[in-house]
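Model the following, please.
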Amino acid sequence: MAKLASGVQSTAAAGTDYVAPGATTTSGLTMATAKLLGRSTAATGAIEEITLGTNLSYTGTTLNAAGGAGGGDMVLADAQTVTGAKTFNDTKLVLAGATSGTSVVKAAAVAGTTTMTLPGATTTLVGTGTTDTLTNKTLTSPVINTPTGIVKGDVGLGNVDNNSDATNNAATATLTNKTLTAPIISAHTASAGTAMEMVAGTLQTTAEAGALEFSTEGFFRTVDTTNGRTLGCGQTVFRLTANGSAIGPTIADAFGANSSLPTVTNGIYLLEYHLYFLKTTAGTMTYTLTNTQTYTNVAVYLTHTPTAGLPGGSATMGGLGTSTAAATVVGATASLTNGANHLAIVRATAECGTAGNIRLRVTSSAGTMTPLRGSYWTARRLPAANTGIFAA
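Numbering: from 1, shown residues only. Presented below is the predicted three-dimensional model:
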């Protein structure tokens, strides 16, 4: 403004000597583009131009603020990448539910800083207080208290039963290729099924030393491979424990009722009868090996005390080579001394094509005979094939 002399008046020019009233845009003041008016200098003073920051911009006459990449304030409505660490106070990070409600992210008090690593996949986090299904997870040394929903197959125990030892010990099991070291087999009782039992099988093609085998023909054992397989005892024994009743003169069972040997189809039997008896009346004795079926073949031999009885001289011997008759007569004696004790021994190999039963029967020509206590017979079943190894 020009300086005027005393008493002289001058007219001021708007926009040059003063700011005219009105809007800033019509005031006549000028400023640089993309600037704001303000004051950054400390203390009161003239208006200054303020430069727009990185995240501020103009669009026409509108001031825009954009989210910054790496630093600055976070804008809730924008998608931003946060590169710096942000700290939210307890219960301040609240997530809205998909359709309703909210979830508060809360961290426990810790000493220092801990790190929670999220899985690198689209998934659902598992909570400690929720019911969840875990798939393909490895639990290292887990401690599980009162688990539910786990079946034995889940832990590789599909063949295990939750039975007591007493129940398992009483159960029937099949062991294959097992080695029993110093086994102890408990004593059986009178009840059925308590004794050790073997199931009949097929004999080995080549017998092995130490083998114990069982077939429908009997038990077999092999001590060594030189002699091969041997037949187990398997012997049936019938013995008179008291003197029998006097029998005769007609044919009758020498060992009384219920004393016959039951046979099986195609069974082969080695029979031996030892009959001690008292001849009460002088006369001959005839011995008959009687079967309820015809024999496939029977070979019989008789050894007998002399006519004077026991003790005496040379025994009387006789027999029949082979026969198929159901009632095969073994032989007859000379007239035996009255009141003397005698012994008759009958040996036979009987081949039975049909199941039946065999018994020794006696006939007296006169009077009776009384079977004596101690008389007995034995029977052993033989295999159809020869057993053992034989040399030329």
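
which residues of the protein score low on pLDDT?
For the chain, the stretches flagged by pLDDT under 70 are 1-29, 67-77, 166, 312-320.

So residue 168: helix, strand or coil?
helix (DSSP: H, G, I helix; E, B strand; the rest coil).

Wait, it touches residue 162, no?
No: the pair residue 168 and residue 162 does not pass the contact test of CB atoms under 8 Å, sitting 10.2 Å apart. To be clear about C-beta, it is placed using only N, CA and C from the backbone, and glycine gets the same treatment.

More neighbours: these two, which one.
Between residue 168 and residue 162, counted using other CB atoms under 10 Å, residue 168 has the larger neighbour count: 10 against 7.

what's near enough to touch the more buried one?
residue 161 (CB atoms under 8 Å, 6 or more residues apart in numbering).

what's the spacing between it and residue 155?
Separation of residue 168 from residue 155 (CB to CB, to the nearest Å) stands at 19 Å.

Same check on residue 241?
Residue 241 is 62 Å from residue 155, by CB to CB.

Helix, strand, or coil at the spatially most central residue of the chain?
Nearest to the mean C-alpha position of the chain, counting by CA atoms, centre = their mean, stands residue 159 at 3.1 Å. For residue 159, the assignment made with three-state DSSP gives coil.

Number the chain from 37, please
From this message on, residue numbering opens at 37, which makes the last subject residue 195.

check contacts around it.
With CB under 8 Å, 6+ apart, residue 195 has no contacts at all.

what about residue 398, how many neighbours?
Quick note: residue 398 (other CB under 10 Å) scores 23 neighbours.

Please apply the same query to residue 138.
Each residue near residue 138 was counted by other CB under 10 Å, and the total is 8.

residues touching it, list them.
130, 131, 132.

Domain ranges for this structure, per the record?
235-268, 272-418 (automatic domain parsing).

Pick the most buried one from those.
domain 272-418 (a mean of 17; mean count of other CB atoms under 10 Å).

And that one, end to end?
End-to-end distance for domain 272-418: 12 Å, by CA to CA, to the nearest Å.

Quick one: distance of that domain to the chain centre.
Remark: domain 272-418 is offset 56 Å from the chain centroid, using CA atoms, centre = their mean, to the nearest Å.

would you list every one of the helices in the protein?
Using DSSP state H, the helices of the chain run over 201-206.

can you pull out the strands in the stretch 87-236 of the chain?
For the stretch 87-236 of the chain, strands defined by DSSP state E, counting those that start in this stretch occupy the ranges 92-95, 98-101, 129-132, 138-141.

picking that back up, of all the domains of the chain, which one is nearest residue 90?
With CB to CB as the measure, domain 235-268 is the member of those nearest residue 90 (93.0 Å).

now the end-to-end length of that closest one.
End-to-end for domain 235-268, by CA to CA: 16 Å.

and if you look at stretch 247-256?
The first-to-last residue distance of stretch 247-256 comes to 8 Å (CA to CA).

what do you get for stretch 401-411?
Termini of stretch 401-411 sit 22 Å apart (CA to CA).

what's the answer for stretch 281-292, then?
So stretch 281-292: terminal residues 8 Å apart, CA to CA.

can you check stretch 211-231 too?
The first and last residues of stretch 211-231 sit 17 Å apart, counting by CA to CA.

Same check on stretch 131-138?
5 Å.

Residue 133 touches residue 139, doesn't it?
Yes: at 6.6 Å, residue 133 and residue 139 qualify as touching, with contact defined as CB under 8 Å.

Residue 419 contacts residue 250, correct?
No: Residue 419 is beyond contact range of residue 250, at 11.9 Å (criterion: CB under 8 Å).

what is in contact with the two at once?
Shared contacts of residue 419 and residue 250, counting by CB under 8 Å, 6+ apart, come down to residue 256.

hmm, back to that, switch the strands of the stretch 87-236 of the chain over to JSON lines; also include distance to residue 395.
As requested, these are exported to JSON lines (distance: least, CB to CB, whole Å):
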{"stretch": "strand 92-95", "distance to residue 395": "127"}
{"stretch": "strand 98-101", "distance to residue 395": "123"}
{"stretch": "strand 129-132", "distance to residue 395": "100"}
{"stretch": "strand 138-141", "distance to residue 395": "97"}
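
what's the closest of the ones you listed to residue 344?
That would be strand 138-141 among those, by CB to CB, at 120.0 Å.

Quick one: distance of the closest one to the chain centre.
Distance, centroid of strand 138-141 to centroid of chain: 50 Å (CA atoms, centre = their mean).

Looking at the contacts of residue 138, spot the one nearest residue 270.
residue 131 (86.2 Å).

Just give the nearest non-adjacent residue to that closest one, would you?
Using CB to CB, 6 or more residues apart in numbering and skipping the chain neighbours, the partner closest in space to residue 131 is residue 139 (4.7 Å).

The one you found: what's it in contact with?
130, 131, 133.

From these, list the buried ones, please.
Neighbour-count burial (16 or more other CB atoms under 10 Å) is assigned to none of these.

I'd assumed residue 421 was in contact with residue 267.
No: if you go by CB under 8 Å, residue 267 and residue 421 don't touch, sitting 11.0 Å apart.

would you turn the domains of the chain into TSV with distance to residue 144?
Listed next are the domains of the chain as TSV, based on distance: least, CB to CB, whole Å:
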stretch	distance to residue 144
domain 235-268	67
domain 272-418	84
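
wait, which of the ones you listed is closest to residue 102?
Nearest of those (CB to CB): domain 235-268, 89.6 Å.

contacting residues for residue 378?
312, 313, 314, 315, 321, 340, 341, 345, 346, 372.

same thing with residue 373?
315, 318, 343, 344, 345.

how about a cut-off of 6 Å?
343, 344, 345 (CB atoms under 6 Å, 6 or more residues apart in numbering).

pretty sure the last one contacts residue 377?
Yes: using CB atoms under 6 Å, residue 345 makes contact with residue 377 at a distance of 5.3 Å.
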